[in-house]
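Novice: pasting the structure only:
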């Protein structure tokens, strides 16, 4: 046992030091990307005259966050300009500091014609400025564009501000979360994929007590979780218990999820699992990296709540440690009443805005929208998402298989990949070509999830109190939930915390949401 | 009339003119003579001007409802709204207390460590040992806090951490270090010492090195042992340095390191671990409440300033120099 902890310490040290090296490199590259940006500009102006064939290419300046360390070269951009008859200036800024860049550009009126935000949070923060009339409303124009009008109405709805549409969205699967588990362990113990929450609990118990790795020691844990209620196991399991997604209707009125019975049932589930030792005891203090490492090093068999598509990377490292390991994905777990459910995100990851300070008139806006309309064609979407066929990917079975040279993709394509609006179903780009059976299963389940998906009814609603202190208030509930699971407070104690939540502003949030809900 | 008025005014002019001329030319001369000193001073001055004074302009937003798209000039003024929100926050006292307690531990437990360590290093014979130990002690300073905290996590976790394994092996109950409020402060302070104590010895070792060896020789003649020497020679000699560093330390009162506490913070120990910096993060920055965050930061700086001035005054009363 002692020896094991020591090796774990060593591996932790090693991974951390590589992480460190990565961070160091990142910093250098940020400087590079800033300088790279200035060098790309002159290059464009020299090549522009060549392209003036018939119609004048539209000049568009775009700012967007960059999730890699280096500004991509113009390989993709040049192709993109040819396909869309545009002259594009991409201004990439490191995603880490993108918010600051956004705010300072905004304050100085330096936003570009096309402004990508960073994520949903920046979008919420920007809502006030949107209401203030700083951006073009595009809702009424969409129908003029055959491809843009394919964008999913329910997701467009989620991005509306005061019922008006200002943005195009970058799509994400609505519900990717589920279970990734050690199928080899389950097979060995004669267990099938858990069909309901009781079986899930039994599996966690069996993985802990019945020595699934067969080393004769009781050194495994059923569920590996981390310090996250939403993106960890809790929220996903709570969906299975029939808890609404953040807010749910009770007697015709919206109420927060933690007043529903399903929420308590979920807390009891985790309390029982923790008391029995079927979940890592320190999960409230365990980071994602630590949790993932525990799974990969064979300490646990159930990884719940993360994206099931992560099975590729989990599988890669687990198999390295245990050549016989087989991983599978699963998400159809029935609640106590036998019904299925899965919470959904609002379906977008990021949005694009068109500032009035940069886009002078509607004619200009229409030209820019025309560019995005072309981006919604398979040809352009594939170019931006997958790269150049034959160079960055090949087509197999009608699906895109990325080249093995991950670094090439990271360098040349990744920057553009995150800016493609819509999703494969609407813009017609290739789906990912998978070989791992677990991954193929996961992709099917992602689609299955949506069929039983539960949306957040407040996704498109605004509550002034929530914007001001929602996160701070949520902390009260998060803390109380953990304390309940760890047995420090009981149901009465939890309800007292809910009262605190209400009195400190929660009541106002409930009021504000319900005022909008009735409309 | 003209003559009369001109007379008295010109008389002192006559007198003072050469004097003014004199002093200004002297100033010029002095400036010119030390021109290189001033040139060398410029980068430092510019640094403080650009990075410390100019940003203070931003404090304005703590009295506004700052909106990035309206800018500092365009945002609405709201007076003390954000400050009264802070002071009426039910957790405010608790957070302030947590901050001050951590700070107190820093002063009481961490602060003497580098001094003790420096004295011990100083007593080591042979420069090879001394250098080796110094280097070993410096090393943790270069590790990121994320690494320090992660190593601690791996060591103390209930899920197979070595310390709990040892406790069980020797027949004790395992201790939940990570999730119990009682263990947060010890963990914090141990990690601070682990990371910073060695690095902190540098200045003390330098000032110890400056002590006249003759003093030690003389005391040895008089039969003083090692401990006597430390007490009567080394410590008094570095007293000034200790006090200066102490005041500077007080100045950073509330800068306990957001990163460090945030990494240790979790739902189970929040009641003792939430400090001003982490509160700013959750309540302010994560929700884009720039004005509120700035108001809290402003408050923190004022508390720091008051503490430095108090300690400085006390140290002057006690006959020490102080930092200003």
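Specialist: That came through, no problem. Everything numeric in this text was worked out from a predicted model, so none of it was measured.

Novice: Phi first, then psi, for residue A:231.
Specialist: When read as degrees, to the nearest 10, the backbone of residue A:231 gives phi -100, psi 0.

Novice: What is the burial count for it?
Specialist: Counted with other CB atoms under 10 Å in any protein chain shown, the neighbours of residue A:231 add up to 14. Using the backbone N, CA and C atoms, a C-beta is placed for each residue, glycine as well.

Novice: What number of neighbouring residues does the residue lying closest to it once chain neighbours are set aside come out with?
Specialist: Excluding the flanking residues, the one nearest residue A:231 by CB to CB, 6 or more residues apart in numbering or on different chains is residue A:305, at 6.1 Å. Residues lying near residue A:305 (other CB under 10 Å) number 24.

Novice: Confirm that residue A:305 lies within a helix, as I assumed.
Specialist: No. If the criterion is DSSP: H, G, I helix; E, B strand; the rest coil, then residue A:305 is strand and not within a helix.

Novice: quick one: contacts for it?
Specialist: Each residue near residue A:305 by CB atoms under 8 Å, 6 or more residues apart in numbering or on different chains is listed here: A:177, A:225, A:228, A:231-237.

Novice: any idea how far it is from residue A:483?
Specialist: 20 Å (CB to CB, to the nearest Å).

Novice: go on, residue A:91?
Specialist: From residue A:91 across to residue A:483, the span is 46 Å (CB to CB).

Novice: likewise residue A:319?
Specialist: 38 Å.

Novice: The residue positioned nearest the centre of chain A: what's it in contact with?
Specialist: Most central in chain A under CA atoms, centre = their mean is residue A:349, positioned 6.4 Å from the mean C-alpha point. Residues in contact with residue A:349 (CB under 8 Å, 6+ apart) are A:119-120, A:169-172, A:418.

Novice: that's a strand at it, yeah?
Specialist: Yes. Looking at residue A:349 with three-state DSSP, it is inside a strand.

Novice: Which residues are in contact with residue 286?
Specialist: Using chain A here. Counted by CB under 8 Å, 6+ apart, residue A:286 has contacts A:225-227, A:280, A:294, B:153, B:157.

Novice: Not quite, go with chain B.
Specialist: Residue B:286 makes contact with A:121, A:471, according to CB under 8 Å, 6+ apart.

Novice: do the same with the one 10 residues further on
Specialist: Contact analysis of residue B:296 by CB under 8 Å, 6+ apart lists B:86, B:276, B:279-280, B:284.

Novice: Columns secondary structure, distance to chain A and pLDDT on top of those, output as a markdown table?
Specialist: Shown next, in a markdown table, are those (DSSP: H, G, I helix; E, B strand; the rest coil; distance: CB to the nearest CB, whole Å; pLDDT from 0 to 100):
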| residue | secondary structure | distance to chain A | pLDDT |
| --- | --- | --- | --- |
| B:86 | helix | 12 | 90 |
| B:276 | helix | 14 | 89 |
| B:279 | helix | 8 | 89 |
| B:280 | helix | 11 | 86 |
| B:284 | helix | 9 | 76 |
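
Novice: May I see the ChimeraX selection of the buried members of those?
Specialist: One line in ChimeraX is enough to select the buried ones among the contacts of residue B:296; burial here means 16 or more other CB atoms under 10 Å in any protein chain shown:
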select /B:86,276,279,280,284
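
Novice: what does the stretch 151-300 of chain B put close to chain A?
Specialist: For the stretch 151-300 of chain B, the contact set with chain A under CB under 8 Å from any CB of the partner chain comprises B:151, B:153-155, B:157-162, B:165-166, B:169, B:176, B:178-179, B:266-268, B:270, B:282-283, B:286-289.

Novice: Which of residue A:319 and residue A:483 has more residues huddled nearby?
Specialist: More neighbours surround residue A:483 than the other of residue A:319 and residue A:483, with 21 against 15 (other CB under 10 Å).

Novice: Give me the three-state assignment for the closest residue to that one other than its chain neighbours.
Specialist: Spatial nearest neighbour of residue A:483, excluding adjacent residues (CB to CB, 6+ apart): residue A:489 at 4.7 Å. Of the three states, residue A:489 takes coil according to three-state DSSP.
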